[in-house]
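[1] quick one: sequence plus predicted model below, questions after.
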Amino acid sequence: MEEKNSKEAFKKTREAGLIAAGALDEVAKVIKPGVRTDYIDEICYQYISDHKAYSAPLFYRGFPKSCCTSTNHVVCHGIPSGKILKEGDILNVDVTAFKEGWHGDTSRTFEIGEVSIKAKKLIKTTYEAMMKAINIIKNDIYIGDIGATIQDHVEAEGFSVVQDFCGHGIGKQFHKEPNILHYGKKGTGEKIKTGMIFTIEPMINLGKYETKTLNDGWTAVTKDKSLSAQFEHTVGVTKDGFEIFTLSEK
Ligand code: MF3
Ligand code: CO
Ligand code: CO
């Protein structure tokens, strides 16, 4: 509750969010076929350190790297490694900056070189679903309204919404209540209130919605091996709408 309606919470999350978005802008500059995912991790680590912040994923519950790199059928929590990106891959990079005690969490899905028309449509639809959901945010809407907005948009295109992972409250803690489901029914669940800060981060699959986690304990993949895309923003609820804290300056 200490964060509710807090000017400080918004100010600090804005700062952390800008750094996280800036790290993704740096990543965007170097991404191309032939690049290793642990090079992307280095870029994130360096950019965030240079801005006097920490990479929240590093050592979070034992996670070994500074960001998540999730390619193709990896839904989320891919671990940066010697894996080399190739033409036609899709890659989500998820970064979280921790600055002066507050978090900013954001991700984007990038195209590596030229990707298939299906992959392009999946990425576009995922981004649109996130933005559509963000655009309805204001005091007193229901969490179910957010989920329904995403699910309607995505299923109309024939894609599916991952149910095993959700958005989350964020602030001094990386992950806190409430859970923001990316599917659901209008008018259900908890109400969103002015001052709340949370993420919206839909993971959308080309095929079925089911996921499984690999033996490394982190990497989540689609069960049917179909492609999966994701975007994430950290948002705050204002008196008459919302603020996105993780927009790129560009
Ligand atoms: N950034 C992810 C999220 O959106 C969480 C990553 S946790 C990690 O919530 F440990 F995998 F990095
Ligand atoms: Co998140
Ligand atoms: Co994230």
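    Great, that's in hand. Residues are numbered from 1 along each chain as shown. Ligands and ions are numbered 1, 2, ... in the order given.
[2] interface residues of this protein facing ligand 2?
    Residues of the chain lying near ligand 2 by CB under 5 Å from the ion: 105, 199. Quick note: C-beta positions are derived from backbone N, CA and C, even for glycine.
[3] show me the shaky parts of the chain.
    1-5 (pLDDT under 70).
[4] would you check that residue 125 makes contact with residue 155?
    No - Residue 125 lies out of contact with residue 155 (CB atoms under 8 Å); the separation is 10.0 Å.
[5] these two: who's more crowded?
    Set residue 125 next to residue 155 and count neighbours by other CB atoms under 10 Å: residue 125 wins out with 20 against 14.
[6] just confirm the more buried one is within a helix.
    Yes - counting by DSSP: H, G, I helix; E, B strand; the rest coil, residue 125 is located in a helix.
[7] for residue 152, see how far away the closest residue to residue 94 other than its chain neighbours is.
    Ranked by CB to CB, 6 or more residues apart in numbering and with sequence neighbours excluded, the top spatial neighbour of residue 94 is residue 107, at 3.6 Å. Distance of residue 107 to residue 152, given as CB to CB, to the nearest Å: 22 Å.
[8] the more surrounded of these two?
    residue 107 (24 against 14).
[9] so which helix or strand takes in the more buried one?
    Here residue 107, judged by DSSP states H and E, is contained in strand 102-111.
[10] tell me what that strand is packed against?
    In this structure, strand 102-111 packs against helix 7-30, strand 90-99, helix 117-135, strand 228-230, strand 233-237, with contacts taken as 3 or more CB pairs under 8 Å, 6 or more residues apart in numbering; DSSP states H and E.
[11] possible to save these as TSV with distance to ligand 3?
    Shown next, in TSV, are the helices and strands packed on strand 102-111 (distance: least, CB to the ion, whole Å):
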stretch	distance to ligand 3
helix 7-30	8
strand 90-99	4
helix 117-135	12
strand 228-230	9
strand 233-237	9
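[12] for these, state which one has the densest average packing.
    strand 228-230 (a mean of 28; mean count of other CB atoms under 10 Å).
[13] for that one, which strands pair with it and how are they oriented?
    Applying DSSP bridges to the sheet, strand 228-230 is found paired with strand 203-205 (antiparallel).
[14] related to what we said a few turns ago, between the helices and strands packed on strand 102-111, which one is nearest to residue 188?
    Closest to residue 188 of the helices and strands packed on strand 102-111 is helix 117-135 (CB to CB; 14.8 Å).
[15] which helices and strands does the closest one pack with?
    Packed against helix 117-135 by the contact rule (3+ CB pairs under 8 Å, 6+ apart) you find strand 90-99, strand 102-111, helix 143-156, strand 197-200, strand 203-205, strand 228-230, strand 233-237, strand 242-244.
[16] now the ones you listed as JSON lines including distance to residue 186?
    Listed next are these as JSON lines, based on distance: least, CB to CB, whole Å:
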{"stretch": "strand 90-99", "distance to residue 186": "28"}
{"stretch": "strand 102-111", "distance to residue 186": "26"}
{"stretch": "helix 143-156", "distance to residue 186": "5"}
{"stretch": "strand 197-200", "distance to residue 186": "16"}
{"stretch": "strand 203-205", "distance to residue 186": "19"}
{"stretch": "strand 228-230", "distance to residue 186": "23"}
{"stretch": "strand 233-237", "distance to residue 186": "18"}
{"stretch": "strand 242-244", "distance to residue 186": "18"}
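[17] pretty sure residue 141 contacts residue 191?
    Yes - contact criterion CB under 8 Å: residue 141 and residue 191 qualify, at 7.1 Å.
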